[in-house]
Structures are given as structure tokens and as C-alpha cells.
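[1] Quick one, what's the 3D model for this:
(chains A and B)
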Amino acid sequence: MKMQRVTNQQDSQAANTLRLVDVSYDVDGRTILDRVSCELTASRIGVVGRNGSGKSTLARLLAGLVSPTRGELHVNGLDLAKDRKAALDEVGILFQNPDHQIIFPTVEEEIAFGLRQQGYSKNEAARTTSATLSDFGKSHWSEAHISALSQGQKHLVCMMAIIAMKPRLIILDEPFTGLDIPTKAQLTRYLRRYQGGLLHITHDPSDLSGYEQIVWLEGGTVRSIGDARSVMTAYEMEMAKLGGLDDISDLTH
Amino acid sequence: MISLTSPIRTRAHNWPAGAKLLSLCVATAVLFAIKDVPAQVLVFALVIALYTIPGRDFLAAGFRQLRLLWPFVLIVGLWHLWTGEFALGASVVLRMLSAVGLANLVTMTTRLSDMIDVVKAVTVPLRWFGLSSRVLEFAIALVIRLTPVLVERGGQLSQSWKARSRKAPNWRIILPFTVLALDDADYVAEALRARGGFNTKEDT
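    Numbering: from 1, shown residues only, chains lettered A, B, ... in the order given. This next block holds a predicted model:
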């Protein structure tokens, strides 16, 4: 077992420590993640890799939504798949499709939901909801109906709902796929301000400017991990090279 | 996503949900006590008057919801024409329109989370027996939330069908639709779990 250890910390944003020891994850006998071991501490972490490399599975494992088939996984020393109550304060996750995430018909109800889940009283939840909205300059959204929002606006609602809960780490599972360039830029700007840590899963290198550490997954294992610039350079070169091939014909994966 | 609550603010939006639901119960009971047609006409006119107070858009939105009733109005109406009980038929139809109209009025002026709070309060006895009422609370929200998502899914499937077929979509669309619905349910369940699921800290 090879344990790669990486540490990096910026002053303004809270760092998180992710520790994976021999983590595997199987679905129906197929191995999605294969004995992944690493430890990293950083406030801005990127995860890159091709489709099917195990990125989303890693996100779900880190968020504690699924348990590893084998191995151990800790976020800031906690096993979040077992300790779901701690998980709410520790990790929030933004999915690709806001329609899978939004439960309530109005913006304020949606934001208040997570806070009530964290154990806030109705009044406290309402106060934090309006504070969050005003922090984003979106106080006028409070009674807006989700059905009246654009796709980008729905994404922002999901983001505000998670940020209101103030988790120490927000996991982004390719949340900006399919959004237009200005919308993506605006959402990225809102994310940058977040004082907690971010773990951003993407295959677009431009999403990760300003990130400290990058994990590059390939075929369910860590291909490379470390300082953002060096990993990203190697990743981009490899992707450009693969673009010239025809491995799309391969059915064995 | 449908939103049953009207975005047009009315004074009734601020009234407690429990009081509105209780009044609805009383009003519906009274509706069943009224037997003569002129009184039913009067009540129905009153219901319409209530819809007109917040303005034309609100009235139109309310009318759209009530339009769902037309098959029932038709069946009940035709039946009573057939049996010759015109007064009874008119009374039943008017009662149905007034009752659903009032219920819809409560829905349109009450936020979903307030409605769920009432369910929570009413289901306290369930918790005495160790049953979690949270499942029920979530079920209400999710049905309202996901119905239009499923309608959209069905629409997408029939479009994919039409794009490659000259015939109209038929029963063969049902299985893929079911699979898609289950897939969506998985995602929603996961997102729900990510924000605490059925267990909240207040329970402990």
C-alpha cells in the first residue's frame, strides 16, 4: 500500500483533511475505486479524471452517502457514512442537476430545509435564510418560486442552501456542466468567496484555477496527486494525447 | 415543477395554516348540511367572490385548478339528468365545486412548509407508537415536487420516440419511463440523504 501525503493550506480559508486508506468501492462485482490511499490537507482541492474514472464515486464516499466496500475513509477524522449527524456540519454536496436536489417550491423554504435538518429552530432557520440571501444580494428571491427560475438560478439556490448550512467542506460534483459561460463564471465567483473548503470534481481545467491540490483519477485509482500546477500540466498533456486516439471503441471498461 | 402556492401575495398567506385548514373542515361540513339549491348557488358565488379579491391573475390561476373537475361535473350532471333529479344534481355539483374551490383557496395561500408543519402537529399520536411522521411529511413535499419532473421525463421520452418514428408513442414507452423514474428517485434520495434524510438533530 502506497500512502501519498500532501499538505497545503491558505490562510483565509479553512483546510480539510481527507484520509483514505486502501479504499475500494464495488458495484455488482465491478470495482469502481480500487484500493485508493492518500491523505491530503488543503482548502481548495480539485479532482480530475475521465468519465468513469471514479470521480463521482469518490465524491459520494467523501460525503458519506455510501460506505466503501473495503478500506477506511475519514474527513477531518470522522467517518461520515456512519456519523450522519456530524456529516451535516462537515460536508455539503452540490450535484449536477439542481432538479434532483431541490425539494421545496420556494427559495426560502428550500434554504431553510437544510437548516431545520441541522436542528435549528424555525425562527433561527428563517433568520439564517434571510442572512444568507442578503449576503448573496438575493433578498428579493426569498419568496420566488423555483419553477420561475432559470437553470443557473436553480444552481445558485442549491449553492445558497448548502452554504447556509456552513459545512467545513463543500463537494462539487461537476455542478456547472451544461451552463453557459457567463452563468458559470458568476457561480464560480460566488463559490470563491466561501470560507470553508471546496473539493471540485471536473474535467475542465479552467474550473480549477486558484486550486491548491489536485487528485487525478484514472480507472478507479489515483494516477497522480499533488501540487495543482504540476498535476494539471501532466493531465492536460495526457488528455490531449488521448484525444488523438480512438479508445472510445474499447468495450472492456 | 408545479407550485401550488400562489406567488400573488394575499392577506391569507399570513394566516396560520392550521386555522385555515380547520375553517376548511367546518366550511365543508356546513356545505354538506345545506340541502337547497339557491343556498348552494349563494355559497358558490361567495367562493368565486373570494377568488376575485386578490385580483384577476389569482382568479385565473384558481380557475385553471378547478378546471380539473370538469369530468366529474359532467358525469354527476349527466347521471342526474338521466335520473331526472335535477335539483339534487345541481346541489351535488355546486357543493363539489365550492368544496374543492375552498380547499384550493387554502392550498394557494399556504406555503408547503407551513402545511407540512400542520401534518407534523396532527401526527403527534403516530410518534407515541414509535412511527416516524417525517416519512409522511417528506412524501407530501416530494409528490408535489416530483410530479412535474416525471411529466417532463415522459415528454422527453415521447420526443425521442417521435424523432425516430412516424407512429405516435405507445405502451412500449412505459418501461423506459419507469426505469427513468426509479433513476430519478435514486438521485433525489441521495440528495435528501446528503442533507440529513429522515433523521434530524432535533429528534435526538
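[2] Every contact and neighbour count from this point should use C-alpha atoms.
    Noted.
[3] low-scoring pLDDT stretches of chain B, where are they?
    Applying pLDDT under 70 to chain B picks out residues B:1-3, B:199-204.
[4] the helices in it, which residues?
    In chain B, the helices defined using DSSP state H lie at B:17-33, B:37-52, B:56-66, B:70-83, B:86-108, B:112-122, B:124-128, B:134-163, B:174-194.
[5] between those, which one is nearest to A:Ser230?
    Closest approach to A:Ser230 among the helices of chain B is made by helix B:174-194 (32.7 Å; Cα to Cα).
[6] so does that closest one get close to chain A?
    Yes - on the criterion Cα under 8 Å from any Cα of the partner chain, helix B:174-194 is in touch with chain A at B:Asp184, B:Tyr187, B:Val188, B:Glu190, B:Ala191, B:Leu192, B:Arg193, B:Ala194.
[7] Alpha carbons only: can I get stretch B:73-87 in CSV?
    What follows is stretch B:73-87, C-alpha atoms only, in CSV (Å, rounded to 0.1, in the frame of the first residue of the first chain):
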residue,chain,number,x,y,z
VAL,B,73,-69.1,17.6,-13.1
LEU,B,74,-70.0,16.0,-16.5
ILE,B,75,-70.6,12.5,-15.0
VAL,B,76,-72.6,13.7,-12.0
GLY,B,77,-74.5,16.1,-14.2
LEU,B,78,-75.4,13.5,-16.8
TRP,B,79,-76.3,10.9,-14.2
HIS,B,80,-78.8,13.3,-12.5
LEU,B,81,-80.2,14.4,-15.9
TRP,B,82,-80.8,10.7,-16.6
THR,B,83,-82.5,10.0,-13.3
GLY,B,84,-84.4,13.3,-13.5
GLU,B,85,-83.3,14.5,-10.1
PHE,B,86,-82.3,18.0,-11.4
ALA,B,87,-82.3,19.8,-8.0
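[8] If you count neighbours, what's buried in that stretch?
    B:Val73, B:Val76, B:Gly77, B:His80, B:Phe86 (16 or more other Cα atoms under 10 Å in any protein chain shown).
[9] what do you get for stretch A:53-73?
    Applying 16+ other Cα under 10 Å to stretch A:53-73 flags A:53-68, A:72-73 as buried.
[10] same question, stretch A:181-199
    So for stretch A:181-199, counting by 16+ other Cα under 10 Å, buried means A:Thr183, A:Lys184, A:Leu187, A:Leu191, A:Tyr194, A:Gln195, A:Gly196, A:Gly197, A:Leu198, A:Leu199.
[11] taking those residues one by one, which sit in helices?
    Short answer: the buried residues of stretch A:181-199 in helices (DSSP H) are A:Thr183, A:Lys184, A:Leu187, A:Leu191.
[12] Determine which two of the residues you listed are furthest apart.
    A:Thr183 and A:Leu191 (12.4 Å).
[13] for chain A, what are the low-confidence residue spans?
    A:1-12, A:253.
[14] tell me which parts of it are close to chain B?
    A:63-65, A:84-85, A:88, A:92-93, A:95, A:99-101, A:103-105, A:109, A:114, A:116-120, A:143-147.
[15] redo that, cut-off 7 Å
    Within chain A, the residues that sit near chain B (Cα under 7 Å from any Cα of the partner chain) are A:65, A:84-85, A:88, A:92-93, A:100-101, A:103-105, A:109, A:114, A:117-119, A:147.
[16] which among those residues end up buried?
    A:65, A:84-85, A:88, A:92-93, A:100-101, A:103-105, A:109, A:114, A:117-119.
[17] related to what we said a few turns ago, now for the helices of chain B, which one comes closest to A:Ser206?
    helix B:174-194 (26.5 Å).
[18] And the helices in the stretch 51-200 of chain A, which stretches?
    Using DSSP state H, counting those that start in this stretch, the helices of the stretch 51-200 of chain A run over residues A:55-62, A:84-90, A:98-101, A:107-117, A:122-135, A:151-164, A:181-192.
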